[in-house]
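*Asks:* give me a 3D structure for the following:
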Amino acid sequence: MTKRSRVTSPMVKAFRVFVFTSLAGLIMAGAVAYKFFTYPETFGGSAQGKVELVIPKGAAAGQVARLLEAAGVLEHPTLFRLYAGQRGAASRFKAGRYEIEAPTTPRALIETLVRGASEELVAVTVPEGKNMLEVAEILGAAGIAGKEPLAALAMDAGFARKVGLPGPTLEGYLFPDTYKLAKGSPPEKVLLAMVRRHREVFEALRLRHGEGAARLKQVLGWGDPEIVTMASIVEKETGQPAERPRIAQVFINRLTLPSFSPKLLQTDPTIVYGCTVAPRFLGTASAACMQFENRIRRIHLDDKENPYSTYAHVGLPPGPIANPGRDALAAVMTPDGSPYLYFVSRNDGTHVFSANRAEHDAAVVKFQRGGKPLGATTQP
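*Replies:* Numbers count the residues shown, from 1 in each chain. Prediction:
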């Protein structure tokens with residue numbers, strides 16, 4: 001071995017070490033870069049199928065990454081957090097209950113969490129003829145919103161004005177229908193959806209039955225609020241769709257025929273409403289109503305302090321007594337033109353209609369008194 005080769009050998013060795021370490025560094029850097037580059041589209045985690053996951057309100061990106069890893073839908077939570085930060089999404093994750101289809105990729109997870117959890121919708125049916133307190137109970141039982149907050153808002157005069165309704169409450173304008181609503185919805189959002197539905201249906205009916213609505217305006221001076229009030233009474237009086245136009249005609253006849261006086265509608269559901277629901281938003285109940293026990297007695301028929309009683313006051317009550325459906329609203333706009341002034345239940349869900357008092361009394365004796373004659377105290 002020459003002297004020159006002994007001098008240069010350490011330098012060659014050092015150069016080789018430098019080259020080796022540099023190359024190793026480049027390979028490692030390339031591997032990291034490749035990992036980071038391909039990470040967004042790499043399926044990760046051990047879970048398969050649908051995975052439920054709850055992201056709490058205010059969770060930071062690191063906490064979200066750990067929850068995803070714990071749920072088995074993510075690997076390398078630190079890399080996920082860095083990737084989310086690089087995309088500007090780390091502070092945009094939305095809280096909620098998620099259902100994630102695994103396996104999935106970090107890119108898909110970020111897009112899902114930024115978009116937010118889908119609302120859990122519940123189908124709930126509100127039948128025709130329920131009053132606003134009953135509607136609140138139905139919605140509350142379905143978990144849509146709290147029963148008491150719903151009832152309180154439905155009876156809030158300020159809210160009624162805010163949504164453009166004519167009365168002090170939302171009674172009559174909570175359209176009966178099947179709704180798909182999210183559990184835990186704000187009461188305002190729920191009630192507005194029902195009022196909007198009422199307006200959609202009512203406008204369509206008025207467009208279809210414009211002549212009938214115009215005739216009510218001409219003959220009785222009725223606008224939309226009076227039509228809704230009458231429809232609420234029709235809704236409470238019969239569950240038979242075929243009878244609704246005839247019952248509407250009976251009440252219109254009572255208000256328009258000169259031979260019928262005084263102009264009393266004499267419909268029991270108005271007394272019941274005035275004694276059970278109205279005191280909740282009026283803040284007061286008559287002495288007779290305070291003795292109401294789900295049965296109408298003479299004191300209730302004579303009770304002039306019940307503003308909703310159509311036995312004690314002529315014409316329509318101050319507002320709707322329930323929330324009418326499409327058929328009842330249409331029936332008021334299209335009464336059947338019959339001459340009847342009275343009707344009495346057959347006790348089978350249908351009614352007997354009469355054009356005069358004698359016929360009506362005979363029907364009452366037959367169907368309500370089991371053949372027992374009427375006494376001297378019979379109602380007019």
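*Asks:* quick check: longest strand of the protein.
*Replies:* strand 44-55 (DSSP state E).
*Asks:* parallel or antiparallel, which strands does it pair with?
*Replies:* Using DSSP bridges, the strands paired with strand 44-55 are strand 96-104 (antiparallel).
*Asks:* list the buried ones in the helix or strand just after the strand it pairs with?
*Replies:* Per DSSP states H and E, the first helix or strand lying C-terminal to strand 96-104 is helix 106-115. Buried positions in helix 106-115, judged by neighbour count with 16 or more other CB atoms under 10 Å: P106, A108, L109, I110, T112, L113. Placement of C-beta: from N, CA and C, glycine included.
*Asks:* how much space between the fifth one and I55?
*Replies:* Between T112 and I55 the distance, using CB to CB, to the nearest Å, works out to 10 Å.
*Asks:* name the residues contacting each of these two.
*Replies:* Counting by CB atoms under 8 Å, 6 or more residues apart in numbering, the residues touching both T112 and I55 are Y98.
*Asks:* the stretch 51-200 of the chain: helices as residue ranges?
*Replies:* Along the stretch 51-200 of the chain, the segments classed as helices by DSSP state H, counting those that start in this stretch run 61-70, 77-86, 106-115, 132-141, 147-154, 157-162, 187-208.
*Asks:* format those helices as JSON lines; extra columns: distance to Y308.
*Replies:* Shown next, in JSON lines, are the helices of the stretch 51-200 of the chain (distance: least, CB to CB, whole Å):
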{"stretch": "helix 61-70", "distance to Y308": "55"}
{"stretch": "helix 77-86", "distance to Y308": "60"}
{"stretch": "helix 106-115", "distance to Y308": "49"}
{"stretch": "helix 132-141", "distance to Y308": "14"}
{"stretch": "helix 147-154", "distance to Y308": "17"}
{"stretch": "helix 157-162", "distance to Y308": "17"}
{"stretch": "helix 187-208", "distance to Y308": "21"}
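*Asks:* and of those, who's closest to V364?
*Replies:* Shortest distance between V364 and these, using CB to CB, is found for helix 132-141: 29.6 Å.
*Asks:* D303 is nearest to which of the helices of the stretch 51-200 of the chain?
*Replies:* helix 132-141 (20.9 Å).
*Asks:* remind me which residues of the protein are low pLDDT?
*Replies:* 1-8, 376-380 (pLDDT under 70).
*Asks:* report the longest helix in it, please.
*Replies:* helix 3-38 (DSSP state H).
*Asks:* helices and strands around that one, which ones?
*Replies:* helix 77-86 (3 or more CB pairs under 8 Å, 6 or more residues apart in numbering; DSSP states H and E).
*Asks:* now the helix it packs on: buried residues?
*Replies:* So, applying 16+ other CB under 10 Å, buried residues of helix 77-86: P77, L79, F80, R81, L82, Y83, A84.
*Asks:* would you mind measuring from the last one to E111?
*Replies:* A84 sits 11 Å away from E111 when distances are taken as CB to CB.
*Asks:* ends of stretch 261-268, how far apart?
*Replies:* Distance between the two ends of stretch 261-268: 18 Å, counting by CA to CA, to the nearest Å.
*Asks:* thought Y39 was touching P106, still the case?
*Replies:* Yes - if you go by CB atoms under 8 Å, P106 and Y39 touch, sitting 6.1 Å apart.
*Asks:* common neighbours of these two, please.
*Replies:* With contacts taken as CB under 8 Å, 6+ apart, P106 and Y39 have L79, Y83 as neighbours in common.
*Asks:* in stretch 154-173, which residues are buried?
*Replies:* Here stretch 154-173 shows 154-156, 159-160, 165, 167-173 as buried, counting by 16+ other CB under 10 Å.
*Asks:* how about those residues in JSON lines, adding distance to Y342?
*Replies:* Converted to JSON lines, the buried residues of stretch 154-173 look like this (distance: CB to CB, whole Å):
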{"residue": "A154", "distance to Y342": "34"}
{"residue": "M155", "distance to Y342": "34"}
{"residue": "D156", "distance to Y342": "39"}
{"residue": "F159", "distance to Y342": "39"}
{"residue": "A160", "distance to Y342": "35"}
{"residue": "L165", "distance to Y342": "33"}
{"residue": "G167", "distance to Y342": "29"}
{"residue": "P168", "distance to Y342": "32"}
{"residue": "T169", "distance to Y342": "31"}
{"residue": "L170", "distance to Y342": "33"}
{"residue": "E171", "distance to Y342": "27"}
{"residue": "G172", "distance to Y342": "25"}
{"residue": "Y173", "distance to Y342": "30"}
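*Asks:* which of those residues lies closest to L216?
*Replies:* G172 (16.0 Å).
*Asks:* grab the nearest non-local neighbour of that closest one.
*Replies:* In space, and not counting its chain neighbours, G172 is closest to P320: 2.8 Å by CB to CB, 6 or more residues apart in numbering.
*Asks:* can you tell me the helix or strand for that neighbour?
*Replies:* Using DSSP H and E, P320 falls outside every helix and strand.
*Asks:* can you report how many residues lie near it?
*Replies:* When neighbours are counted by other CB atoms under 10 Å, P320 registers 28.
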